[in-house]
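K.L.:
model the following, please.
(chains A and B)
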Amino acid sequence: MKNRLILLGRYGLLIIIALIFIFPIVFMLVSSLKPDEQLLRDSGSLLAFVPYGDLSFDNYIEAFRRVPIARFILNSVFITTTTTILALIVNSMAGFAIAVPRWKGKSIVLAVIIATLIVPFDTIAIPLLLIVSKLPWISFTGCESSAFVCLTTNWLDTYHVQIIPFIVGAFTIFLFVQFFRSLPYELVEAALIDGANWFQIYYRIYMPISGPVVATVTILTFLAKWGDYLWPIMVVQSEELRPVQIGVSYFFQLDVAWGEIMAYLSIITIPVLILYLSLQRAFIESIAASGVKG
Amino acid sequence: MSTSGSAQATAVSPTSASSQKFGRMRLQEARAGVAMIAPAAFLMLGFLIIPFLMAFGFAFTNQRLISPNPTEFVGMRNFERLLTVRVFPIEAEIDPATGDVVRDEEGTIVFPRARNFTRDNPDYPELDGLQESFSWVRGTTQYTVLAGDSVFLRSLFNIFYFAIVIVPVQGGLGLVLALLVNQKLRGINIFRTIYFIPVVISMVIVSILWRFIYDGNNGLLNSLLGLFTMGAFQPIDWLGNTQTAMPAIMMMSIWQAVGFHMVIWLAGLQTIPGSLYEAAQVAGANNWQQFRYVTWPGLRNTAVFVLITITMAAFSLFTQVDIMTRGGPLDSTTTIIHQAVQRGYQKQDIAYGSAISVFFFLMVLTIALIQRYLTRDRD
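P.N.:
Take a look at the predicted model:
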């Protein structure tokens, strides 16, 4: 009997904490289905969490009408996926270069990479803005007259300005270095005897067994890029290039309709939530992997 | 190249040939290493190191985003403005008739205003342009803190306040949660999953949701507190009050990020071998003793990692503030990064914003080095 009570107490505590962690999200999802008057009235009581009354998808329909959501989601998916794939290639290669082959100066390079970890992006955003406003790019669209391809001298208001500066990541390189260093060097020796070159060792031997780090990097890069906020505000003016987070500002102009805001927040949160819940083991293990050896 | 190489190899002794082959392999190895780091090095140089060095450079100029005048080198001027802080004693006004200090109707001593000294006062040229930050009274003297930039001084105070609360509380709660979800209970994985949910939701979304929760009129927090106290609780405008705005942001930040550190602690916990606990139980250790002598020493490296990551994240506080309060009310939630972005981007004073960034970098670097030193392995 006593054991039962202790068990009950343990679960009770766990459940109360769980409620603290999910109440804002439940509130968001439930509110997105309610008309504004009811939403504001209910938020004064526990009814805020109860889906009842005049429930409908009107807020969603209205949100879709007010904001080009599909376009924003496509933009975010494109930017996020491209950044993640390029980040995996570039950073794993860098991690391999530091962890495996011997060359002069690599300890200095690693020290510089680790030092950049304490530079928060927000502090270099402005000089970076000045740089990207003067960089050349080969453009296939937006050329003058009927030219098929032309040279532009400004990265502002493009997709690549939202991707290229974010490919390389010190922390990501560091994760790959740690993982590659933990692998036995016999792998390299055997491959060299077989006549493989270093690039083959990297992509035929090391990459296929680095699944756990690849998962970690994919998830961390994806989350960071999906939540990107300051940079898109600074560099993107055209509506057709904007990512999802910027869409929120549309709802704070003119009249603030909370139901629609909740609907929009739900739309951009639900894909991430589904992804997380279906891959939750990988999510949690990958975060744990990022810290355990640190 | 290969023909000349083999021709040489036939001409010289076999040992030298194999050492030459070895040398060629080492060269290939080095070339491969450099080639494979090149893309990352190039991108890092262009998009991280050069902008960072530019910020360093701008900090010593008067660069603006758009300016008709050419940029000039101004030496340490930005930093002087940023870091000037003086305590200036102001004596109470004396009534010339009675010789007593002047008091208002409520009996409080009347002091001359600080701006009398800081605005074009020929007697105090060193105070010219300084801003009044805060003051305290002792006897008939008001000690006034004057700063070159009182908002920056405030942001410095705010960020230390935030970090000093966040680092132990978030780290500690993370550990408590990790211990809770490390229990061997049926369905414990569900709770792990739930506690981690806020981490995967973007800070922009979380900030907007919590703005609604903290609302002074109809906010969820006020109504829930009212409900649990049977209506005894007086509603508070959490984000609109200088006393509660920062604690409100702290609470929300902990809520969002604590799951992350729970998982880090959990990973640390799971590296501690179960045999150690069995041995401790055999020796008659109670739960607290097991934690104190088995768990905590086993978490040493994890604790250092958690300490350093929370500290760095805490000092970089920005997004929540920008969305929830924009630094207000009355600068009570502004932070260093918020000031850097405000000055550099919104007010387009790139030089001054860069000076703030440089100061921030040096400050965080110093703190990280101190933490690293204090937590070093003494063995």
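K.L.:
chain neighbours aside, what residue packs nearest to the residue of the stretch 101-250 of chain B found nearest chain A?
P.N.:
Chain A sits closest to residue B:202 of the stretch 101-250 of chain B, with a gap of 3.1 Å, by Cβ to the nearest Cβ. C-beta coordinates here come from the backbone N, C-alpha and C atoms, glycine included. Closest residue to residue B:202 apart from its sequence neighbours, by Cβ to Cβ, 6 or more residues apart in numbering or on different chains: residue A:227 at 3.1 Å.
K.L.:
got the domain ranges for chain B?
P.N.:
Under the assignment automatic domain parsing, the domains of chain B span B:85-147, B:151-374.
K.L.:
in JSON lines: those, plus mean neighbour count.
P.N.:
Shown next, in JSON lines, are the domains of chain B (neighbours: other Cβ atoms under 10 Å in any protein chain shown):
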{"stretch": "domain B:85-147", "mean neighbour count": "13"}
{"stretch": "domain B:151-374", "mean neighbour count": "19"}
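K.L.:
return the member of the ones you listed having the minimum mean pLDDT.
P.N.:
Among these, domain B:85-147 has the lowest mean pLDDT, at a mean of 78.
K.L.:
all strands of chain A, in order?
P.N.:
A:137-139, A:150-152 (DSSP state E).
K.L.:
give me the sheet partners of the last one and which way each runs.
P.N.:
Spelled out, it's strand A:150-152. Sheet pairing here is set by DSSP bridges, and for strand A:150-152 it gives strand A:137-139 (antiparallel).
K.L.:
pLDDT averaged over the partner strand - what is it?
P.N.:
79.
K.L.:
what are the buried residues along it?
P.N.:
Residues of strand A:137-139 classed as buried: none (neighbour count, 16 or more other Cβ atoms under 10 Å in any protein chain shown).
K.L.:
pull the CA atoms of stretch B:26-43 into CSV?
P.N.:
The C-alpha trace of stretch B:26-43 is given here as CSV (Å, rounded to 0.1, in the frame of the first residue of the first chain):
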residue,chain,number,x,y,z
ARG,B,26,53.0,12.5,-46.6
LEU,B,27,52.6,15.3,-49.1
GLN,B,28,49.5,13.7,-50.5
GLU,B,29,48.1,13.4,-47.0
ALA,B,30,48.8,17.1,-46.2
ARG,B,31,47.4,18.2,-49.5
ALA,B,32,44.2,16.2,-48.9
GLY,B,33,43.8,17.7,-45.4
VAL,B,34,44.2,21.2,-46.7
ALA,B,35,41.9,20.6,-49.6
MET,B,36,39.2,19.2,-47.4
ILE,B,37,39.3,22.0,-44.8
ALA,B,38,39.4,24.6,-47.6
PRO,B,39,35.6,25.0,-48.2
ALA,B,40,34.9,25.4,-44.5
ALA,B,41,37.9,27.7,-43.9
PHE,B,42,36.8,29.8,-46.9
LEU,B,43,33.2,30.2,-45.7
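K.L.:
and that stretch, how far out from the chain's middle?
P.N.:
35 Å (Cα atoms, centre = their mean, to the nearest Å).
K.L.:
stretch A:276-292 too?
P.N.:
Using Cα atoms, centre = their mean, the offset of stretch A:276-292 from its chain centre is 14 Å.
K.L.:
just to revisit the earlier point, could you dump the domains of chain B to a markdown table with distance to residue A:220?
P.N.:
Below are these laid out as a markdown table (distance: least, Cβ to Cβ, whole Å):
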| stretch | distance to residue A:220 |
| --- | --- |
| domain B:85-147 | 39 |
| domain B:151-374 | 11 |
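K.L.:
looking at the ones you listed, which is closest to residue B:68?
P.N.:
domain B:151-374 (13.0 Å; Cβ to Cβ).
K.L.:
measure that closest one end to end?
P.N.:
32 Å (Cα to Cα, to the nearest Å).
K.L.:
residues contacting the residue nearest the centre of chain B?
P.N.:
Nearest residue to the geometric centre of chain B (Cα atoms, centre = their mean): residue B:315, 0.5 Å. The contact partners of residue B:315, by Cβ atoms under 8 Å, 6 or more residues apart in numbering or on different chains, come to B:159, B:163, B:336, B:360, B:363-364, B:367.
K.L.:
out of those residues, who's near chain A?
P.N.:
Under the cut-off given by Cβ under 8 Å from any Cβ of the partner chain, chain A has B:360, B:364 from these close to it.
K.L.:
name the nearest of the contacts of residue B:315 relative to residue A:11.
P.N.:
For these, the nearest to residue A:11 is residue B:163 (34.9 Å; Cβ to Cβ).
K.L.:
check which helix or strand covers that closest one.
P.N.:
helix B:150-181 (DSSP states H and E).
K.L.:
what helices or strands is that helix leaning on?
P.N.:
On a contact count with 3 or more Cβ pairs under 8 Å, 6 or more residues apart in numbering or on different chains; DSSP states H and E, helix B:150-181 meets helix A:2-31, strand B:131-138, helix B:188-200, helix B:245-269, helix B:300-315, helix B:336-341.
K.L.:
just the helices in chain A please.
P.N.:
A:2-31, A:36-42, A:58-66, A:69-99, A:106-115, A:121-132, A:170-181, A:186-193, A:198-200, A:211-226, A:230-235, A:244-247, A:258-278, A:280-292 (DSSP state H).
K.L.:
most packed of the ones you listed?
P.N.:
Stretch with highest mean neighbour count among the helices of chain A: helix A:244-247 (a mean of 24; mean count of other Cβ atoms under 10 Å in any protein chain shown).
K.L.:
identify the residues contacting it?
P.N.:
Contacts for helix A:244-247 (Cβ under 8 Å, 6+ apart): A:67, A:69, A:72-73, A:75-76, A:226-229, A:232-233, A:236, A:264, A:268, B:202, B:204-205.
K.L.:
now it, how far from the centre of its chain.
P.N.:
With Cα atoms, centre = their mean, you get 13 Å for helix A:244-247.
K.L.:
spit out the contact partners of residue 26.
P.N.:
With no chain named, the answer covers chain A. residue A:49.
K.L.:
not quite, go with chain B.
P.N.:
residue A:102.
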